[in-house]
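Visitor: next come a sequence and a model predicted from it.
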Amino acid sequence: MSMHPRVLALAFLAASCTSVSVIPRYGRLDIGGHIGMNSTSSGASGTNDLKDAGLVDDTSVPSGRVDLELGGTHTTFELSDSSHDGSGRLTADVSDGTTTIPAGTAVDSKLGLVLGEAIVTWDFVPGDLVEAGLGIGVSGFDVDTRFTAPSLSASVGAHAFLPVPIVAGRAGLDFGRFDVSALLGGMDVHVDGKDATVVDLDVMARLKIIGAVGKRIGAIVLGYRYTDMKLDYSDSDKKVDADMRFSGPYIGLSVGF
């Protein structure tokens, strides 16, 4: 007796051990690095230290992650939104070609970062204990920075949105009730007139508290995120040169089915 092709397809999917994990997270992102905003006509090239300019760490960062596993294919989606606002003093001029705020001026500084990723990797080490894979994806970031000098009634800002194709690697160990994994992606590219380098690392550990071994129904999550972004581009009369780092721990819950 032969089996219907649709039944065979369903049997194949059931045997492939499909799983989904939804992971809301909450943590902090410490900021570091520098940014330069200079008029293209002036030839200036100074940069401002982000901490000196008053940009502070964000201690309440919401983020989320979704993992889909189908056989040896593992897909991850991530999204975070942080805000780094404060007051400080410029160490170099900032200019958009029309307005210039000179070095030494007291400023109110704002920087918002929305970072999203979609990565798919394919395992090259079979088995349930060890996961190791390579893959591809895209990292998209939306960063908006502005310096305002109340004493001069002047403001200079820069905004960039850029999707960056990346190569990625994934490694993990699963001990049943406890698992740990690391996801690393990065690329150095020239996209839409912008030179960009992105390196992103997400290290995550989970302790399963609900469900049988091998089924991640509910787990406590602890992790660490590190993102390094370099950006160099010209926009109208303004040249932007940024090297920014965001890093910090997070906690969360993992719901799987």
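Guide: Noted; the coordinates are in hand.
Visitor: helix or strand: which one has the closest residue in space to residue 134 that isn't next to it in sequence?
Guide: Leaving aside its sequence neighbours, residue 134 sits nearest to residue 169 (CB to CB, 6 or more residues apart in numbering; 5.5 Å). Quick note: C-beta positions are derived from backbone N, CA and C, even for glycine. Using DSSP states H and E, residue 169 sits in strand 154-174.
Visitor: what's that strand packed up against?
Guide: Contact analysis of strand 154-174 by 3 or more CB pairs under 8 Å, 6 or more residues apart in numbering; DSSP states H and E lists strand 19-39, strand 100-101, strand 106-123, strand 130-149, strand 178-191, strand 194-210, strand 218-235, strand 238-256 as its packing neighbours.
Visitor: check which residues of it are buried.
Guide: Applying a neighbour-count criterion of 16 or more other CB atoms under 10 Å, one finds 154-158, 160, 162, 164, 166, 168, 170-172, 174 buried in strand 154-174.
Visitor: neighbouring strands - and their directions - for it?
Guide: strand 130-149 (antiparallel), strand 178-191 (antiparallel) (DSSP bridges).
Visitor: could these go into TSV alongside mean neighbour count, mean pLDDT and distance to residue 219?
Guide: Shown next, in TSV, are these (neighbours: other CB atoms under 10 Å; pLDDT from 0 to 100; distance: least, CB to CB, whole Å):
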stretch	mean neighbour count	mean pLDDT	distance to residue 219
strand 130-149	18	95	16
strand 178-191	17	93	8
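Visitor: export those as a markdown table, with columns for distance to residue 111.
Guide: Below are the strands paired with strand 154-174 laid out as a markdown table (distance: least, CB to CB, whole Å):
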| stretch | distance to residue 111 |
| --- | --- |
| strand 130-149 | 5 |
| strand 178-191 | 21 |
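Visitor: right, and those strands - which one's nearest residue 231?
Guide: strand 130-149 (7.6 Å; CB to CB).
Visitor: residue 113 contacts residue 145, correct?
Guide: No - judged on CB atoms under 8 Å, residue 113 makes no contact with residue 145 at a distance of 9.2 Å.
Visitor: re the thing from before, what's opposite the residue nearest to residue 134 in the beta bridge?
Guide: According to DSSP bridges, beta-bridge pairing links residue 169 with residue 134, residue 184.
Visitor: assess the claim that residue 196 and residue 229 are in contact.
Guide: Yes - between residue 196 and residue 229 a contact is recorded at 7.3 Å, counting by CB under 8 Å.
Visitor: what comes up buried for stretch 82-100?
Guide: In stretch 82-100, counting by 16+ other CB under 10 Å, buried: 82-84, 86, 88, 90, 92-97, 100.
Visitor: least confident of the residues you listed?
Guide: Note: of the buried residues of stretch 82-100, the lowest pLDDT belongs to residue 97, at 84.
Visitor: what about that residue, helix or strand, and which?
Guide: Using DSSP H and E, no helix or strand contains residue 97.
Visitor: excluding sequence neighbours, find me the nearest residue to it.
Guide: Closest to residue 97 by CB to CB, 6+ apart is residue 237, at 2.5 Å.
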